[in-house]
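A.B. asks: what would the 3D arrangement of this be:
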Amino acid sequence: MEQESTGDSVLNSHISSVLPNLTTCVLNSVLDTLKNLGVETLDDFRFVKDDDLLMVLKPIEVRKLLASFTVTCETTISSSPCSSRTETSTVSSPGCSFAQSCIELDESLSPLEADWFLRFEIPWEKLPTDLLYKLERQERPSPKQRREMIRLIINEVTGVCKRPSKKHLTDIARRIVAKYPKSLQDVIEGHIVGSGYDSLVKQLQSRADNVKRTQFSTPKRQFQHSSGSDTEEVPAKERALPQDTYGCINWDPEHLPITETLASQKQQQEEMKTMFRERNWDTQIITKKMMATYYTQRKDIIRGMETEKIRREWPFLFEMPGLQAHFRALTGVQLEGKFFETVKNKSHRILAYMDTLNNEKQRKTARVLAQIEVAKKDTKSKLPEMPGLVLLLLAYFGEDDKQMFFQVDDTCLPSEVPTSDLPASPCIIFCGDSLLTASRLMLSIDKVVVTEQQTNFVEALLMMFASYYCLNIHYPSELGATLEFLQRCIFKINPDKGTKVERKPHKRQYAVNPRVLSLISAIADFEWRE
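C.D. replies: Numbering: from 1, shown residues only. Below you'll find the model as predicted:
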């Protein structure tokens, strides 16, 4: 990188390459902070200290960023070829440890060839004839054909670069899918999942790692993490974490609506409290007032107001009309109208796929499928299918259904629920012997029963899921795959970067959970065969 006067785009590009998981909001905050410090060129980073960026980045992120600029500046000045082989996204400390994490290209490559992946020619001519035939006819290849394609491409890649990085393989995967999107893109029911090529990146990476493992002894990578649980609301004194703003389009509104003042916001808030107490629930009026006071609702939530107090101040935030309005303003996703019919249609197709499993997964899901059929006969309806779908997903991913559902007696009142036994994350409480046939449901958040009477499982599920976003709650790792599948396939929230799953120490995180990708790909193949 040349050391000359550079614009924001150069700084933006470099920071994004070092810290690819930063949200746009955090990235802009970093750029603004640097601008306020007087940073105009990359060379200015020699004067930046850790403390200057700790207000907008985590300590490890700051060290990565400063280490990358230190190495970049030093190698540029000394004209060292290492700068052409630096993969800044894996920086963990300055000096030698950073240099060791550089991408190791063949020694024969000159610094000018560091952009080899941009000029890499995908070996289409070496692919098997039957695979090319399917690609040209816009048909999806079989898993075996796809694996063969991965093997051939990685063989060509490693002939150029012994240790390709994720950045390199991502660009190659993007070009492969761009040529044959109908055959290779990650989709479910016509909707693109993530970037559309995450599963191909994952497979290319796995194959490349297997090849590297036989040639090199590589040190373990260090991943940034936070201490403690990430499932609580974020205190006001802390900055927004990536999980908080993930999937949101209006997480922290900057201004009140033009027609509103703080006084009018308070007045409408008090009017809604009165409406709630008097059970005077006009859906249109509730929606209008919730949208008008969205700014104040967000400020209360972002500064860390406790759930019990939020429930007192904004009671309709825990009822379907108010939650729908807030969720729509926050994410752009509408939870009304045709959405319910879409949910039912998708559930039928996913259930049909689950019924075809004949491997290890089948042993986990067969019992749930049998319970669904019994419940359908007992109720003489298809209503058990939707709760059954969620139970199937939990079984398929091997996740604990007790973290999402809590059983109480059929006659249990909200005040009688043993709240100390509830999980802290949003949870559906069902009354009776089985979730599949339960006619009374409640919702709890942070061990507080916030919705006392719900008879429709789909609405209860929507409210539980929307609560994660509206209240800045991270997906618990015990439910990460199931919630992400629902997020991408049911709610159509498809960011191609970041994750809403709580961060665990020493545990790698992906833009799209690999197990979710595998299931989406399998369902897409099943739908095509159907």
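
A.B. asks: SS state for residue 449?
C.D. replies: With DSSP: H, G, I helix; E, B strand; the rest coil as the basis, residue 449 sits in strand.

A.B. asks: residue contacts, it?
C.D. replies: Contact analysis of residue 449 by C-beta atoms under 8 Å, 6 or more residues apart in numbering lists 414, 417, 419, 429, 442, 443. From N, CA and C alone the C-beta is placed, and that goes for glycine too.

A.B. asks: which residues does the last one bridge with?
C.D. replies: In this structure, residue 443 bridges to residue 428, residue 451 when assessed by DSSP bridges.

A.B. asks: any idea how far it is from residue 452?
C.D. replies: According to C-beta to C-beta, to the nearest Å, residue 443 and residue 452 sit 9 Å apart.

A.B. asks: who's more crowded, the two?
C.D. replies: Per other C-beta atoms under 10 Å, whichever of residue 443 and residue 452 has more neighbours is residue 443, with 23 against 15.

A.B. asks: surely the more buried one is in contact with residue 451?
C.D. replies: Yes. When contacts are counted by C-beta atoms under 8 Å, residue 443 is listed as touching residue 451 (3.8 Å).

A.B. asks: so what sits against both of these two?
C.D. replies: 318, 460, 463.

A.B. asks: which one of those has the most neighbours?
C.D. replies: residue 463 (26 neighbours).

A.B. asks: and that one, what are its phi and psi?
C.D. replies: Phi and psi for residue 463, reported as degrees, to the nearest 10, are phi -70, psi -40.

A.B. asks: from the middle of its chain, how far away would stretch 307-325 be?
C.D. replies: 24 Å (C-alpha atoms, centre = their mean, to the nearest Å).

A.B. asks: and that stretch, what's buried?
C.D. replies: Neighbour-count burial for stretch 307-325 flags 307, 310-311, 313-325 (criterion: 16 or more other C-beta atoms under 10 Å).

A.B. asks: so which of these belong to strands?
C.D. replies: Under the assignment DSSP state E, the buried residues of stretch 307-325 contribute nothing to strands.

A.B. asks: inside helices: which ones of these?
C.D. replies: If you go by DSSP state H, the buried residues of stretch 307-325 have 307, 310, 311, 313, 320, 321, 322, 323, 324, 325 in helices.

A.B. asks: export those as CSV, with columns for pLDDT.
C.D. replies: CSV is the format used below for these (pLDDT from 0 to 100):
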residue, pLDDT
307, 91
310, 94
311, 94
313, 96
320, 92
321, 92
322, 95
323, 95
324, 93
325, 94
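
A.B. asks: rebuild those residues as JSON lines, extending it with distance to residue 387.
C.D. replies: Below are these laid out as JSON lines (distance: C-beta to C-beta, whole Å):
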{"residue": "307", "distance to residue 387": "24"}
{"residue": "310", "distance to residue 387": "27"}
{"residue": "311", "distance to residue 387": "25"}
{"residue": "313", "distance to residue 387": "32"}
{"residue": "320", "distance to residue 387": "18"}
{"residue": "321", "distance to residue 387": "23"}
{"residue": "322", "distance to residue 387": "24"}
{"residue": "323", "distance to residue 387": "19"}
{"residue": "324", "distance to residue 387": "21"}
{"residue": "325", "distance to residue 387": "26"}
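
A.B. asks: the bottom helix or strand of the chain by mean pLDDT?
C.D. replies: Each helix and strand of the chain was given a mean pLDDT (mean pLDDT, DSSP states H and E); the minimum falls on helix 96-100 at a mean of 37.

A.B. asks: coming back round to it: nearest to residue 191 among the shared contacts of residue 443 and residue 451?
C.D. replies: Nearest to residue 191 out of the shared contacts of residue 443 and residue 451 is residue 463 (C-beta to C-beta; 22.7 Å).

A.B. asks: I figured the closest one hits residue 320, correct?
C.D. replies: Yes. With contacts counted by C-beta under 8 Å, residue 463 reaches residue 320, the gap being 6.5 Å.

A.B. asks: how many neighbours does residue 191 have?
C.D. replies: 13.

A.B. asks: with adjacent residues omitted, what lies nearest to it?
C.D. replies: In space, and not counting its chain neighbours, residue 191 is closest to residue 492: 6.0 Å by C-beta to C-beta, 6 or more residues apart in numbering.

A.B. asks: the one you found: how many residues sit nearby?
C.D. replies: Counted with other C-beta under 10 Å, residues neighbouring residue 492 total 17.

A.B. asks: quick one, phi psi at it?
C.D. replies: Torsion angles, degrees, to the nearest 10, at residue 492: phi 60, psi 30.

A.B. asks: alright, that wraps it up for me.
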